Every structure is written in structure tokens, then in C-alpha cells.
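Peer 1: below is the sequence, then the predicted model.
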Amino acid sequence: MLTNYLLSTEPSEFADSCLFLSPFRLQRAYCPFQVVCIKAIRSISEGERKRVDKVLSWDTGTMLFFIEGKLYPHHHFSYRPPTQFVATAVN
């Protein structure tokens, strides 16, 4: 299936960012960003964190993540935005 996308004649391009819909807003993540594997694929096991270096997309809405030099379907991963903890009024 992955080979079919890579050999398709549809225009595709690498992007340096990706949009994610969270419960509260639409977020743009700029590469590199972290994802968590939600469905094991090849050598990546479920729950493992990986860094996405690039995003490959087609006009049909198909997206592949470029991780460690290989392409993986985006639906095997979940985006977890970085958490920032700010403490105020600490004595």
C-alpha cells in the first residue's frame, strides 16, 4: 500500500509542519515534533515516542511521517503537544 502512494502520479510535497485538531483548538506543530505510536508498525512498538522530521502529504489528504529515515502512515501515531509548566506565586 505504501508503495502505491510513493509511485502515484499525484503531486506530493514534504512539509515542515502539520495541523492537529485538539479538543480545544487547531494546532500547528513544526518539525521536528514528537508523536506517540498508538498502533505498532514495523520496528516501532505501541507507546513508543518518536520524532517526526518531515511530513509528506498528497492532495487526497493522505499523510506520511518521515521518522528515522523511513515513511510511516500518520494514523499509527498520536500527537502530544509539549506541556509547559509555569509556577507563579511560589514562596
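Peer 2: Sure, I can see it. Numbering: from 1, shown residues only.
Peer 1: CA atoms for contacts and neighbours, from now on please.
Peer 2: OK.
Peer 1: which residue ranges form the strands in the protein?
Peer 2: 12-15, 17-21, 26-30, 33-37, 49-52, 54-58, 63-67, 70-73, 77-79 (DSSP state E).
Peer 1: now tabulate those strands in a markdown table and tack on mean neighbour count and distance to Ser43.
Peer 2: Output for the strands of the chain, formatted as a markdown table (neighbours: other C-alpha atoms under 10 Å; distance: least, C-alpha to C-alpha, whole Å):
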| stretch | mean neighbour count | distance to Ser43 |
| --- | --- | --- |
| strand 12-15 | 14 | 23 |
| strand 17-21 | 14 | 24 |
| strand 26-30 | 13 | 24 |
| strand 33-37 | 19 | 11 |
| strand 49-52 | 18 | 12 |
| strand 54-58 | 19 | 19 |
| strand 63-67 | 20 | 11 |
| strand 70-73 | 14 | 11 |
| strand 77-79 | 19 | 14 |
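Peer 1: dump those into a markdown table; add mean pLDDT as well.
Peer 2: Shown next, in a markdown table, are the strands of the chain (pLDDT from 0 to 100):
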| stretch | mean pLDDT |
| --- | --- |
| strand 12-15 | 70 |
| strand 17-21 | 82 |
| strand 26-30 | 86 |
| strand 33-37 | 92 |
| strand 49-52 | 93 |
| strand 54-58 | 84 |
| strand 63-67 | 90 |
| strand 70-73 | 92 |
| strand 77-79 | 90 |
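Peer 1: so what sits opposite Lys70 in the bridge?
Peer 2: Ile67 (DSSP bridges).
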